[in-house]
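**Q** Can you look at this prediction? I've put the sequence above it.
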Amino acid sequence: MAQPQPTGPKKVVLNSGDELFSEIRDLNFSGVGVVLSRRAKQISAAFEVINYDSCHIASQFLFRSFVLITR
């Protein structure tokens with residue numbers, strides 16, 4: 001039986017080996033938000049591309065399946 005997935009905030013520990021940590025380590029606190037906002041936008045854009053591609057592939061598959069069935 002599957003365990004329910006925890007919801008809510010998740011803590012992520014950053015260390016010196018993390019790319020994001022090395023980018024924000026020496027910044028003033030007011031500059032950290034700018035970097036995190038830019039990174040969040042990059043992640044969001046990448047997710048939209050992946051989501052679009054997977055939807056596009058699924059729709060092509062369904063269309064081709066429909067064409068094969070109706071022949």
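**A** It's in. Numbering: from 1, shown residues only.

**Q** So which residues of the chain form strands?
**A** Assigned by DSSP state E, the chain shows no strands.

**Q** just for this protein, where's the confidence low?
**A** 1-6, 66-71 (pLDDT under 70).

**Q** May I ask you to name the longest helix in it?
**A** helix 29-70 (DSSP state H).

**Q** just checking, what packs against it?
**A** helix 19-24 (3 or more CB pairs under 8 Å, 6 or more residues apart in numbering; DSSP states H and E). For every residue, glycine as well, the C-beta is placed using N, CA and C.

**Q** Flag every buried residue along the helix it packs on.
**A** Neighbour-count burial for helix 19-24, with 16 or more other CB atoms under 10 Å as criterion, is recorded at Ile24.

**Q** can you list contacts of it?
**A** Leu14, Asn15, Ser16, Gly31, Val32, Val35, Leu36, Arg39 (CB atoms under 8 Å, 6 or more residues apart in numbering).

**Q** Check the residues you listed and tell me the two furthest apart.
**A** Asn15 and Gly31 (20.2 Å; CB to CB).

**Q** the more surrounded of these two?
**A** Neighbour totals were compared for Asn15 and Gly31, and Gly31 leads with 11 against 7 (other CB atoms under 10 Å).
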